[in-house]
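**Student:** Give me a 3D structure for the following:
(chains A and B)
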Amino acid sequence: MAKLIRNNKVGKTGAKKKPDKKTRTEKTPDTKTAVKKRKSGGKRKSSQKITQKPTVEKLELDYVDDDGLVHEGDENIPSEDEEDVGDERKHQKLLEAISALGGKNKRKLAERSEATLQISEFTVDAKGEGDRINMSDLIQTISKTPAVSSQTKSHLKKLKLNEKTVDSPLSKPETQRIQRNVAFQKTSEQVSRWQSIVKQNLKAEQLVFPLNQEAPGPKPLEHVVCGWTARTPLEQEIFALLFANKQPIHNTTRTPMEEESLKAMSLEDAKIRRAELQKARALQSYYEAKARREKSIKSKKYHKVQNKAKCKDFVKQFDEMVKSDPVAALEELQKLELGRMKERMSLKHQNSGKWAKSKAIMAKYDLGARKAMQQQLEVNKDLTQKLAATLEDEQEEREEEADPDMLPDFVNDVEPPLNPDNPWMRGKLSREAGAETGDSAEPAARDILIEEEEEEEEEETEETEEEVLLRGFAARRSQRRAMETVNEPVTSGDMETVNEPVTSGDMETVNEPVTSGDMETEATTEENKAEAEKVAVSDDDDDDDQEEELSKFTNLFQELAESRKEADAAAVEAEVCDPEAEQLQQALFRIQNLEDMDLLDRDEQGPPAEPGSAEPPPAAQESEGGNTGRKRKRGIDLNEVLTKEAKVIQVPLAPRAVEDAEGAAASVEEEQRDIIKEAFAGDDVVSDFLRDKRRDEDAGKPKVLDLTLPGWGDWGGLGVQPPRRKRRRFRVRTAPPPPRKDRALASVIISEKRDRSVSMHQVGALPHPFVQPEHFEVTMRTPVGATWNTRQTVRKITMPKVVTKMGAIIQPMSRDDLLKHTKRREADGTSAAAQKQKDASQNKRPNRRPRNNKKKHKKN
Amino acid sequence: MKVKVLSRNPDDYVRETKHDIQRVPRNYDPALHPFEVPREYVRALNATKLERVLAKPFVASLDGHRDGVNCMAKHATSLSTLISGACDGEIKVWNLTKHNCVRTIQAHEGFVRGMVVRFCGTSFFSIGDDKTIKQWSMEAPGYGMLEEPINTVLGKTVFTGLDHHQKEGTFATCGQHVDIWDEQRSTPIRSFSWGVESFSSVRFNPVETEVLASCASDRSIVLYDMRESTPLKKVIMTMRSNTVSWNPMEAYYFTCANEDYNLYTYDMRYLEKPVTVHMDHVSAVLDVDYSPTGREFVSASFDKSIRIFAKDTRHSREVYHTKRMQHVVCVKWSADNKYVMSGSDEMNIRLWKANAAEKLGVLSHREKLAANYNQKLKEKFQHHPKVKRIARHRHLPKNIYTDAKEHTVMREARRRKERNVRKHSKPGAVPEKSEREKHVVAVVK
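**Tutor:** Model (predicted):
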């Protein structure tokens, strides 16, 4: 019978397999589970042959599991197979299965109705103990309860879609590194909280340690009372009452209620303020929206038009400002200048961009393109031209330079090409027949350098003198202009070519101090001086052949450039060495009394300087501390440079003494030279120089001082002369100074202003915290002593930065300090924020200043 | 009839008591007091000279140890107490005001490696070469009683450094690794190690009290946070650091004393390069301690001198030495900012003034004003060559003087060589390195 049934079952399974497969095919064909099932199915087939029964059961279960629709057919199968008890059980399970199909997979535990000794933790009833439990039974229970919920299944499916393996855990060092990083971030953040307090302490005018010391003296009563608390019930009751009614507990003048009411703003005020704020906010948002809208417009033309309008606006504004507020105008001008410089530095408007290239191609055929390029070039020219430095000078300058071509376009030339055609670069102009002093070009070059130095040294006298010179130049220029009208085009063009090399070379020497440090200035000037003197000595017999001269001059330029480079290096090194200047001067002897100080003095005057301490070069000592600043300022002033240029260039020209064998080119050169000579015929640098020197000499000569006091020991009054005896007696003749160092050098002025005895006491270089010498001078000039200041001021000025008290232990800063500090800061911050808001509401309209427009400052 | 008489208010010219100084009416019209700058210049010059003449920093020498002094500890609450440990395991407690030894303990076998006073000042800890940590009471034992430690912990390895937490009952030791101990336990509650190395010094940050720094023998300085399980970061330098000291007023700065004769101040947040390189010593720097104001620190060196540096300057403002002082091993700055204590190889502890020319003791009001004024004048005219030269002058023993000279020459030569190398190599191939960048090899995260 069993066999029959078995057969029957086999047949059934065979029949049932079809839908099974069908369902599988219906289901996701790509999932892994399907594959696995198929695999397990294969295994099942093989196992079927060996032991049929369990597999049948399994299959059946599988079937149910896959879709629970077929269970009605299943129902009678086990009933045939099993006995009554098992039947009951199975029935129950079936019920369970049905209930499980209802969607919820809650499974009721079988209730235990009998008390048994053996209680299985798997809730297996002791009832069926005697029965044999088949493997199939167990498996059945498992399979019927869905092992994985549908939700997780879907999750799993999704995951499988992704088909990703989980990363292997990081290696230990890596995890540790991450941990360390995180920990470090945390700690450094924590430590950074102290930054504000540290900074505050650094900036504090005076710090009294120990920091959290309580103020000495009696405390105010309220503070003392604050520490007291109500203890007894009566006290507590009373205080509770007082608190409830907001009555004063301490002896304050106002009740908290009063204070609150005082604090509160009146309703109208509040309303007005709110309205104001609202309006301001709205306006701001409008403005922002507008700006955004405008910004998003892509049309270039639109922006161009806009810019132009703004430009016009600005010009108008500026003109007004010039009248109303010249200082602000000056500032604006400087800003413009800065903008221009920046623009100039950039490669804009150079006609080198993509656009320009395309236009260049088109320019042949298209008038518009040509125009655009022209425009661009014009802009470039404008930009590269320097704007007049000051408003006051503007008019003068306009008078001086009627044609803009007079102002050379040297700013753009980086390195002057050494043009053999250019007589100025030859280093030597052939001497003029009429000039009595002889040297012309080479001394002229020397003169520039010397004059520069000189000027740096003596400013006051130069100031007045310069005006005289300027006047002279102006007169001469007007002469020249008259002449230029005859052969204008050639002259002006040549002027430029002549001007360029010398100017730019010179410019650099002058401008250098502005850009780089102090050291450098000194180095360069030193270098210059040395060079100049060298040339002066070597070129006494000045009718050498030209080649040598040329090489000398080029050498000079190269050396200048080199010296600048070296100076750069020196500056870098000086930066390294500089702190060493602060170093303690260490010696093998000890100061024990005041006499030793003198010893120290004497020892210092000895020649070997300390290697570590960067001795300031003599040039630095020469100039007073104050002079350096003015010197720099002067370096910046381009106008002055230009006037000097004019001086240099306008040396009378003479035909060369030695004719070189250049053949055909010679005639052209000669022509040029003639032109230049003609151009500068009016200027006489040599005589200017001589005059300068004579004036210097005169200034140094002893003067007769008349110290007679009319009426002293005699009758005085209108028309009464002191007697001759007295006049002679009181006329003091100052001692003649030592002979001048340049008395033998005809073409050199050596300043005698420097006093060595004074310079020993003077500061060589601007010390660290100061940026401008003026500031340093002012601090030096302000006395701090009680002779000049009131007691309070003295006490305030001389207050030491750090005060410690002997015997008081100074504890390290603690967290309480930080807490206090942050609290105070917060309080300050809120008040500041309130203030800011107030300010914002006051100026309701957002600032609509147009940006600096570079096209603004076209001349005329 | 109108009678005119001269009348003056006595308040204007009569003193309140006879102890008041005579009132001097002053006219501050600048025309009456010409030549301000030259007059003040002379005053400044004189003040500077006087300062140098009055600079007598050496206060006292405490002798009594029978071997070189290896470590010292300041008392937390008493200024007059100093504890020192010697190389023979002896600990001495000193009274600084009386310049005498109050108590002697034979604490360890071998060196006393480190000592620290508990924050409350009731007891102190010491470690030694005998692998023990001992806690001692600050009170001397009664008459006839033996000196016994309150507590002894036997460690597995030798301890080389010790420091106590600022507020809690935990302390840190270092040796083969850095351990954090609870006072109540005999095993460390935490132990940090990062690679195989041995540490020479560990210090708690006095401000951010959970942070520690230690110097390791692999030329690195390692930072820790007591609350974290791992170290934070380490910076490896060209040479080994001997000690590290935190700034007690600025939580994130610490200074380390290096074997390459320099001291380096670091910001713990940016270890890539030190904030300042302090150079002046001519031999290895062995110890460093901050002044309690956090403005200056003192360093002890193998070159038999101690130097005082401002925290942000490259060069020292002061150098102290005596003929008999040998290699200075440990140095401390007193908690009231007035004194510096140094312990050296030749068994002595020396007491120095922190400001060499400062007058100690009570100053009258006028003295105070004058001192302030002179200080201000010196500050104002410090850049003038004459003043500067006098203020800068220090006497040095011959060996330090010659060594310093030699080192400047060497430095210059090195600089020159570098420059030449740069000149003869491709531009950019030899980048210019600032002094601060030269000494850091790497920062390990």
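
**Student:** Please identify which helix or strand holds residue B:179.
**Tutor:** For residue B:179, the host element (DSSP states H and E) is strand B:178-182.

**Student:** helices and strands around that strand, which ones?
**Tutor:** strand B:170-174, strand B:188-192 (3 or more C-beta pairs under 8 Å, 6 or more residues apart in numbering or on different chains; DSSP states H and E). Every residue, glycine included, has its C-beta placed from N, CA and C.

**Student:** again, only using 10 Å
**Tutor:** For strand B:178-182, the elements it packs on are strand B:161-164, strand B:170-174, strand B:188-192, strand B:199-204, strand B:211-216, strand B:220-225, judged by 3 or more C-beta pairs under 10 Å, 6 or more residues apart in numbering or on different chains; DSSP states H and E.

**Student:** Off-centre distance for that strand?
**Tutor:** 25 Å (C-alpha atoms, centre = their mean, to the nearest Å).

**Student:** quick check: angle from that strand to strand B:188-192?
**Tutor:** Between the axes of strand B:178-182 and strand B:188-192, defined by axes from the mean of the first three to the mean of the last three C-alpha atoms, to 10 degrees, the angle is 160 degrees.

**Student:** how far off strand B:170-174 does strand B:178-182 point, in degrees?
**Tutor:** Going by the same axes, to 10 degrees, strand B:178-182 makes 150 degrees with strand B:170-174.

**Student:** Now mean pLDDT, mean neighbour count and distance to residue A:760 too, for the helices and strands packed on strand B:178-182, in JSON lines please.
**Tutor:** Output for these, formatted as JSON lines (pLDDT from 0 to 100; neighbours: other C-beta atoms under 10 Å in any protein chain shown; distance: least, C-beta to C-beta, whole Å):
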{"stretch": "strand B:161-164", "mean pLDDT": "96", "mean neighbour count": "24", "distance to residue A:760": "52"}
{"stretch": "strand B:170-174", "mean pLDDT": "96", "mean neighbour count": "24", "distance to residue A:760": "55"}
{"stretch": "strand B:188-192", "mean pLDDT": "93", "mean neighbour count": "17", "distance to residue A:760": "59"}
{"stretch": "strand B:199-204", "mean pLDDT": "95", "mean neighbour count": "24", "distance to residue A:760": "48"}
{"stretch": "strand B:211-216", "mean pLDDT": "95", "mean neighbour count": "26", "distance to residue A:760": "47"}
{"stretch": "strand B:220-225", "mean pLDDT": "95", "mean neighbour count": "25", "distance to residue A:760": "47"}
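
**Student:** The strand holding residue B:179 to strand B:199-204, inter-axis angle?
**Tutor:** Using the same axes, to 10 degrees: strand B:178-182 against strand B:199-204 is 40 degrees.

**Student:** buried residues in strand B:178-182?
**Tutor:** Residues of strand B:178-182 classed as buried by neighbour count (16 or more other C-beta atoms under 10 Å in any protein chain shown): B:178-181.

**Student:** how near is residue A:177 to residue B:444?
**Tutor:** According to C-beta to C-beta, to the nearest Å, residue A:177 and residue B:444 sit 9 Å apart.

**Student:** Equivalent analysis for residue B:97, please.
**Tutor:** 47 Å.

**Student:** In terms of neighbours, single out the busier of these two.
**Tutor:** Counted by other C-beta atoms under 10 Å in any protein chain shown, residue B:97 and residue B:444 do not tie: residue B:444 has more neighbours, with 16 against 10.

**Student:** The closest residue to the more buried one other than its chain neighbours in helix, strand or coil?
**Tutor:** Using C-beta to C-beta, 6 or more residues apart in numbering or on different chains and skipping residues adjacent in sequence, the residue nearest residue B:444 is residue B:234, 4.9 Å away. When classified by DSSP: H, G, I helix; E, B strand; the rest coil, residue B:234 comes out as strand.

**Student:** Next: residue B:125.
**Tutor:** Per three-state DSSP, residue B:125 ends up strand.

**Student:** cool, the one 10 residues further on as well?
**Tutor:** The three-state label given to residue B:135 by three-state DSSP is strand.

**Student:** Might one say that it is in contact with residue B:126?
**Tutor:** Yes. Assessed by C-beta atoms under 10 Å, residue B:135 is found in contact with residue B:126 at 8.1 Å.

**Student:** Determine the residues that are contacts of both of the two.
**Tutor:** Residues touching both residue B:135 and residue B:126 comprise residue B:149, with contact defined as C-beta atoms under 10 Å, 6 or more residues apart in numbering or on different chains.

**Student:** Would you mind telling me which of those two has the busier surroundings?
**Tutor:** A side-by-side neighbour count of residue B:135 and residue B:126, using other C-beta under 10 Å, places residue B:126 first with 26 against 16.

**Student:** for the closest residue to residue A:696 other than its chain neighbours, phi and psi?
**Tutor:** Spatial nearest neighbour of residue A:696, chain neighbours left out: residue A:749 (5.9 Å); criterion: C-beta to C-beta, 6+ apart. Here is the backbone geometry of residue A:749 (degrees, to the nearest 10): phi -120, psi 120.

**Student:** re earlier: can you tell me the strand partners of the strand holding residue B:179 and which way each runs?
**Tutor:** Here strand B:178-182 has these sheet partners by DSSP bridges: strand B:170-174 (antiparallel), strand B:188-192 (antiparallel).

**Student:** got the angle between it and strand B:220-225?
**Tutor:** 30 degrees.

**Student:** I'd like the mean pLDDT over strand B:178-182, please.
**Tutor:** Confidence for strand B:178-182, expressed as mean pLDDT, is 95.

**Student:** Repeat that for stretch A:295-305.
**Tutor:** 88.

**Student:** Pull up the distance across it, start to finish.
**Tutor:** Counting by C-alpha to C-alpha, to the nearest Å, you get 14 Å between the two ends of stretch A:295-305.

**Student:** before we move on, what about stretch B:207-222?
**Tutor:** Start-to-end, stretch B:207-222 (C-alpha to C-alpha) is 18 Å.

**Student:** Could you see whether chain A lies near that stretch?
**Tutor:** Yes. Stretch B:207-222 lies within reach of chain A by C-beta under 10 Å from any C-beta of the partner chain, at B:207-211.

**Student:** What is the most widely separated pair among the residues you listed?
**Tutor:** B:207 and B:210 (10.5 Å; C-beta to C-beta).

**Student:** what residues does the stretch 1-150 of chain A put near chain B?
**Tutor:** So the stretch 1-150 of chain A never meets chain B (C-beta under 10 Å from any C-beta).

**Student:** residue in the stretch 1-150 of chain A nearest to chain B?
**Tutor:** residue A:148 (38.5 Å; C-beta to the nearest C-beta).

**Student:** what's the helix or strand for that residue?
**Tutor:** Counting by DSSP H and E, residue A:148 is found in no helix or strand.
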